[in-house]
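Enquirer: Using only what follows, build the 3D model:
(4 chains)
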Protein chains: 4
Amino acid sequence: MSPKVSNFDKLVRQVEDIFVDNIPFNKLLGMHIESLDFDCAKVRIDMREELVGNFMQGILHGGVIASVLDVTGGMTAFLGQVKKMGDIPDQAKLQRLATFGTIDLRVDYLRPGKGKYFISEGRVLRAGNKVVVTRTELFNEARDLIAAGIGTYVAV
Amino acid sequence: MSPKVSNFDKLVRQVEDIFVDNIPFNKLLGMHIESLDFDCAKVRIDMREELVGNFMQGILHGGVIASVLDVTGGMTAFLGQVKKMGDIPDQAKLQRLATFGTIDLRVDYLRPGKGKYFISEGRVLRAGNKVVVTRTELFNEARDLIAAGIGTYVAV
Amino acid sequence: MSPKVSNFDKLVRQVEDIFVDNIPFNKLLGMHIESLDFDCAKVRIDMREELVGNFMQGILHGGVIASVLDVTGGMTAFLGQVKKMGDIPDQAKLQRLATFGTIDLRVDYLRPGKGKYFISEGRVLRAGNKVVVTRTELFNEARDLIAAGIGTYVAV
Amino acid sequence: MSPKVSNFDKLVRQVEDIFVDNIPFNKLLGMHIESLDFDCAKVRIDMREELVGNFMQGILHGGVIASVLDVTGGMTAFLGQVKKMGDIPDQAKLQRLATFGTIDLRVDYLRPGKGKYFISEGRVLRAGNKVVVTRTELFNEARDLIAAGIGTYVAV
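Expert: Residues are numbered from 1 along each chain as shown, chains lettered A, B, ... in the order given. Here you go, the predicted model:
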């Protein structure tokens, strides 16, 4: 009943808007933020024919998997930075998001990407002043672990 | 003037058909095979708004880069295997392509993905009986090195 | 009270003998198997001056960390393969160990390697017929996460 | 005949002293700087029994390879930074070396590490203000490519 909205909830909604409206490739792939908090970001993508990488097996393209893990790792790293920033204006936080970039990413393809939808989850391994390292995992709806990622991010 | 077409040229055209017709995500991204030979595979992708990852900077999404490098590495690895197969029917070679998969991929994002079009190039580092390792590089039209990849591939 | 020793316990002791007696570099670094089971291998290394990488900070050399994670990942991968082999003679299993090799390894250095001793732990992410992928983590005695590894292994 | 010594030569000798005298693990492995310049660092290691990883094959331990590649990549990254620093005192440059650290490292093991001695070579792929990415390669005396590395380094 309370009209009060926490600052974090407001920030999350702004991040969601940027995520879909301002990053065209996320929209092309049909990625959605499933949930966001300081300790874990979750991104969802639904299977559809355009995302298939192997027509005989009908599985998700490796590039789609890498894209989802990269985006999830970046969101996770950004939230890890926001947590450390403390009480500064949201606008300053969002500006940092705009300059946040991937330095490198490793993806391990563990099982064929079969499923109706997929959820990737990210966690921070290291939150340094300059560099953030995140670990990500992609599951299908049966909670099979499809792929694992590890990425390094920096605010340019 | 000669109507003779080498076996390799025929195989290349078949691979090109599979690449676009049978791998929907390659089509969605607009990837094209630029050239293919035993020592080097090249893939081209043209910039367009849907592939942008950072609306403020107008640069290629990291997931697009990973996708192109993965595909280029896989093509390179497949051709490395074909080279070792010697004189077996094309059909047998193409079946192997269908079961060829990425084990892992590392991408290093070296410079912002600015450009009108991008060419990725792949070379084989190790062509084992089970596992093939390839190194890939993505350049823009000014030959700036945008990203470097290294991937491990296996025939399932 | 029972003199009966399980087959697995006997295999573990044989693996431990090979680990120290037949792999000279493990001995040079002073690595020891802390524990081995099908789901997790643990390796211990004690800090000493020869292993230091930065004299001003007195921390473990990055190469030592990579070495411990590589060895732990390899042990983990080997045990994952043994689990799948079922009831074949130990000698056959140990021969497989001799041909087991690292394809690639990524190490993320998360915190300075300060500590009196370090324990690395490995878990299998994928146990394929040809390729095994393992994730490893290195902790100091205070359970600070010093480094994380991910490696791909194959039986040659 | 000239007693004049270029600043870079003096710096190189100081780096060499630190390399062996102040980094105990480099000494334990028997690493030596083969050559250093702004564009390429080379490190040499001689085979000896203590560095063996597989007693049946008599090949270099994967951890030794990772160690040499990490050190070579770090030297390369440091020199890339020095190049950008321009004309500041050597002492300031060397202090930066002391705080230079590896963020992450990938090693691809391409061929068995057979040889009498090994040379690793490093080159800078990206020299950013915060982060330096280097590519390294390890050859034996017959110039067989044994392993390839790619590492990310940062000044803490």
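Enquirer: Count the neighbours of residue A:106 for me.
Expert: Neighbourhood size, residue A:106 [other Cβ atoms under 10 Å in any protein chain shown]: 23. (C-beta placed from N, C-alpha, C; glycine too.)
Enquirer: give the contact list for it.
Expert: The contact partners of residue A:106, by Cβ atoms under 8 Å, 6 or more residues apart in numbering or on different chains, come to A:149, A:150, A:151, B:104, B:105, B:106, B:107, C:106, C:150, D:106.
Enquirer: Can I get those in TSV including pLDDT and secondary structure?
Expert: Listed next are the contacts of residue A:106 as TSV, based on pLDDT from 0 to 100; DSSP: H, G, I helix; E, B strand; the rest coil:
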residue	pLDDT	secondary structure
A:149	98	strand
A:150	98	strand
A:151	98	strand
B:104	98	strand
B:105	98	strand
B:106	98	strand
B:107	98	strand
C:106	98	strand
C:150	98	strand
D:106	98	strand
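Enquirer: I'd say residue A:31 and residue A:44 touch.
Expert: Yes - assessed by Cβ atoms under 8 Å, residue A:31 is found in contact with residue A:44 at 7.2 Å.
Enquirer: and residue A:108, what does it touch?
Expert: Residue A:108 neighbours (Cβ under 8 Å, 6+ apart): A:147, A:148, A:149, B:103, B:104, C:125, C:126, C:133, C:150, C:152.
Enquirer: Determine which two of the contacts of residue A:106 are furthest apart.
Expert: B:107 and C:150 (14.7 Å; Cβ to Cβ).
Enquirer: which one of the two has more residues nearby?
Expert: Just comparing residue B:107 and residue C:150: by other Cβ under 10 Å the higher neighbour count belongs to residue B:107, 29 against 24.
Enquirer: now the more buried one, which residues is it bridged with?
Expert: When assigned by DSSP bridges, residue B:107 has beta-bridge partners residue A:105, residue B:149.
Enquirer: do you know how far it is from chain C?
Expert: 12 Å (Cβ to the nearest Cβ, to the nearest Å).
Enquirer: Return the residues in contact with that residue.
Expert: A:66, A:102, A:104, A:105, A:106, B:62, B:65, B:66, B:69, B:147, B:148, B:149.
Enquirer: so which strand or helix has residue A:11?
Expert: Assigned by DSSP states H and E, residue A:11 belongs to helix A:7-17.
Enquirer: wait, I meant residue A:76
Expert: helix A:62-85.
Enquirer: For the helix or strand following that helix, give me every contacting residue.
Expert: On the C-terminal side of helix A:62-85, the nearest following helix or strand under DSSP H and E is helix A:90-98. Applying Cβ under 8 Å, 6+ apart, the external contacts of helix A:90-98 come out as A:7, A:10-11, A:14-15, A:18, A:78, A:81-82, A:85, A:155, B:54, B:56-57.
Enquirer: try 6 Å
Expert: A:11, A:78, A:82, A:155, B:56 (Cβ atoms under 6 Å, 6 or more residues apart in numbering or on different chains).
Enquirer: Then the last one would be within a helix, right?
Expert: I take that to be residue B:56. No - applying DSSP: H, G, I helix; E, B strand; the rest coil, one finds residue B:56 to be coil, outside a helix.
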